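Engineer: Okay, predicted coordinates and the sequence, questions at the end:
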Amino acid sequence: MADLKALAEAIISGNQQEAVRLTQEALDENVPADAILNDGLVAGMSVVGAKFKANEFYVPEVLIAARAMKSAMELLRPVLAETGVEPKGTVVIGTVRGDLHDIGKNLVAMMLEGAGYRVVDLGVDVKPEKFVEAVQQEKAQVVALSALLTTTMPAMKDTIEALKQAGVRDQVGVMIGGAPVTQEYADEIGADGYGPDAASAVDVANALTSK
Ligand code: B1M
């Protein structure tokens, strides 16, 4: 009998094999895909996010949990698409122009996916125009910008400017983050939200998509 609580536990402990096995078992038993997603994977990743925020988990534990979730998602994604289960929203994410740091950005992307968002990851060194294009093409509700260098932070401002120029600024929530970024900087450049860590980034995305 499919055990979604055990699936959540497998995600929390980062047991990739067990997460895949339990997801397949649940699918074989015709457990609805949205229940597997919400009561298994998302439930597990929420605990991981809470533990990370509380400094009970560190980056390696989050990466291991996210890897387990990703493998399980590979089985679940086609079924979710078939059954028409809607994601919570679409987030376009990337590290801004000139910046090659992606460990934090990847963590944020994984936490967002774990929270039920469709995440379009543009990678690193993403030019403002590329963010604009993706927001338009993917019909994103949120654009998430990461920067690790003080010298690349201005590219966040430029990206917001480019969204304005393209006439899509009002259609999308802009959230920013990365080690040198602060709430003050977010306010200064007119971003809609700032996340100090990957778990908070989910809270910010939730706040932006519920508006
Ligand atoms: Co670079 N690097 N680096 N580096 N690097 C830093 C950032 C630096 C602080 C090191 C130092 O001098 N002490 C410094 C920046 C100084 C500054 O500008 N203030 C620096 C420098 C100077 C450079 C180069 C210029 C070095 C050189 O070549 N002279 C160069 C720049 C290259 C470029 O980007 N153009 C460079 C290169 C590199 C590597 C390629 C070697 C490598 C990156 C590998 C990779 O990412 N694939 C690297 C690394 C690893 C680091 C350090 C050591 C670690 C960064 C990291 O991954 N942290 C870093 C020093 C340090 O922090 N100790 C350093 C772990 C990660 C989980 O944290 O990314 O902060 P972080 O993400 C957090 C939060 O910030 C938040 O959530 C994450 C999880 O909690 N978050 C968001 C991140 N994005 C978010 C977005 C959100 C919300 C939250 O919403 C959208």
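Structural biologist: All right, it came through fine.

Engineer: Buried residues, stretch 117-137. List them.
Structural biologist: The neighbour-count check on stretch 117-137 (16 or more other CB atoms under 10 Å) flags 117-122, 124-128, 130-132, 134-136 as buried. (Glycine included, C-beta is placed from N, CA and C.)

Engineer: meant to ask about stretch 36-45
Structural biologist: 36-37, 39-45.

Engineer: Which of these fall in strands?
Structural biologist: Judged by DSSP state E, strands contain none of those.

Engineer: Name the nearest of those relative to the ligand.
Structural biologist: Distance to the ligand, by CB to the nearest ligand atom, is smallest for residue 45 among the buried residues of stretch 36-45, at 13.9 Å.

Engineer: which ones are touching the closest one?
Structural biologist: Residue 45 sits next to 11, 65-66, 69, 111, 114-115 when contact means CB atoms under 8 Å, 6 or more residues apart in numbering.

Engineer: Regarding the residue nearest to residue 186 when sequence neighbours are not counted, what is its secondary structure?
Structural biologist: Once flanking residues are discounted, residue 186 sits nearest to residue 194: 3.8 Å by CB to CB, 6 or more residues apart in numbering. What DSSP: H, G, I helix; E, B strand; the rest coil gives for residue 194 is strand.

Engineer: With neighbour count and secondary structure as new columns, can the contacts of residue 45 be given to me in a markdown table?
Structural biologist: A markdown table is the format used below for those (neighbours: other CB atoms under 10 Å; DSSP: H, G, I helix; E, B strand; the rest coil):
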| residue | neighbour count | secondary structure |
| --- | --- | --- |
| 11 | 31 | helix |
| 65 | 29 | helix |
| 66 | 23 | helix |
| 69 | 27 | helix |
| 111 | 28 | helix |
| 114 | 28 | helix |
| 115 | 23 | coil |
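
Engineer: so which one among those residues has the lowest pLDDT?
Structural biologist: Least confident by pLDDT among the contacts of residue 45: that is residue 114, with 81.

Engineer: right, and it touches residue 50 too?
Structural biologist: No - using CB atoms under 8 Å, residue 114 makes no contact with residue 50, being 11.9 Å away.

Engineer: I figured residue 123 hits residue 96, correct?
Structural biologist: No - counting by CB under 8 Å, residue 123 does not reach residue 96; the two are 11.1 Å apart.

Engineer: Any chance of CSV for the contacts of residue 45, columns distance to the ligand?
Structural biologist: Output for the contacts of residue 45, formatted as CSV (distance: CB to the nearest ligand atom, whole Å):
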residue, distance to the ligand
11, 18
65, 13
66, 11
69, 16
111, 8
114, 13
115, 13
